[in-house]
Structures are given as C-alpha cells and as structure tokens.
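Engineer: return a 3D structure for these sequence lines:
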Amino acid sequence: QVQLVESGGGLVQAGGSLRLTCAASGRAFNDYIMSSWFRQAPGKDREFVAGIDWSDRTTYYADSVKDRFAISRDTAKNTVYLRMNSLKPEDTAVYYCAAARRPKVTAVEYDYWGQGTQVTVSS
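Structural biologist: Residues are numbered from 1 along each chain as shown. Reported below is the predicted structural model:
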C-alpha cells in the first residue's frame with residue numbers, strides 16, 4: 001500500500017505563488033517511480049500538470065504551466081513538491097498527487113492518489 005497526502009493549497013491572488021507538498025509513505029512506494037500532480041476544475045476533466053521520474057529525475061509539464069510551475073522531490077523524505085508561480089485564475093482547481101509504476105502514463109494508469117488540495121486563484 002502507498003499513502004499520499006497533499007498539503008499547501010489555499011487562496012492566492014493572481015500573480016502569486018504557492019507550494020504544494022505530497023508526502024508519500026508505504027513500503028511499496030519505491031516501486032512507483034513516477035510521481036505526478038494532476039488537477040481538476042469544476043465541470044472539467046482531470047488533467048496532468050507535472051510529473052517527475054524518480055529514477056532519472058526527468059520532469060514533465062503540461063504546456064499550460066510550463067515556465068511557471070516546477071516539480072521537485074526530496075528522496076530522503078519521500079516528498080514531492082509543486083512550486084507554482086505567476087498563478088492565474090484558470091489554475092483554480094483541486095490538485096492531486098499520484099503515483100505510477102512507469103513514467104509518461106495517463107491518469108488511468110496511476111495506482112495511488114491523494115485526497116487533493118484546493119487551490120483558488122482570485123483575479
């Protein structure tokens with residue numbers, strides 16, 4: 001079993017910044033080399049935001065957040081971060097952390113998900 005717990009969401013004005021944290025636990029977590037952030041806005045599908053491959057540190061970003069968001073990890077703490085800068089109202093969503101066995105996978109192939117953390121960006 002793998003447990004993922006997100007934190008760090010909140011209300012921020014447009015142009016502001018937030019850092020989301022995903023704390024992972026469970027013996028099986030080492031088998032899940034891909035950690036990613038997804039988001040889901042009301043009435044919209046869940047979409048990929050950013051991902052990091054623990055095996056080689058390769059990072060992946062959605063075009064909509066490239067150059068504004070940065071994903072990173074702390075291997076010793078089994079923690080993944082999402083630094084979000086220059087936030088826009090359209091970034092408002094519930095952000096989820098997820099873990100998969102392989103990199104570059106679609107949402108359905110992620111085996112574990114956190115409970116989500118709300119990010120609201122006011123204009």
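
Engineer: was I right to think residue 94 contacts residue 44?
Structural biologist: No. Assessed by Cβ atoms under 8 Å, residue 94 is found out of contact with residue 44, at 10.6 Å. In this view, the C-beta of every residue, glycine as well, is placed from N, C-alpha and C.

Engineer: taking the centroid of the chain, which residue is nearest it?
Structural biologist: Geometric centre of the chain, nearest residue: residue 37, 2.0 Å, by Cα atoms, centre = their mean.

Engineer: okay, and that one sits in which element?
Structural biologist: If you go by DSSP states H and E, residue 37 is part of strand 34-40.

Engineer: what pairs with the very next helix or strand once past that strand, parallel or antiparallel?
Structural biologist: Heading C-terminal from strand 34-40, the first helix or strand you meet, by DSSP H and E, is strand 47-53. Partners of strand 47-53 in the sheet, by DSSP bridges, are strand 34-40 (antiparallel), strand 59-61 (antiparallel).

Engineer: out of those, which comes closest to residue 98?
Structural biologist: Comparison of the strands paired with strand 47-53 against residue 98 by Cβ to Cβ identifies strand 34-40 as nearest, at 5.3 Å.

Engineer: quick revisit: quick check: buried residues in the strand holding residue 37?
Structural biologist: Buried residues in strand 34-40, defined by neighbour count with 16 or more other Cβ atoms under 10 Å: 34, 35, 36, 37, 38, 39.
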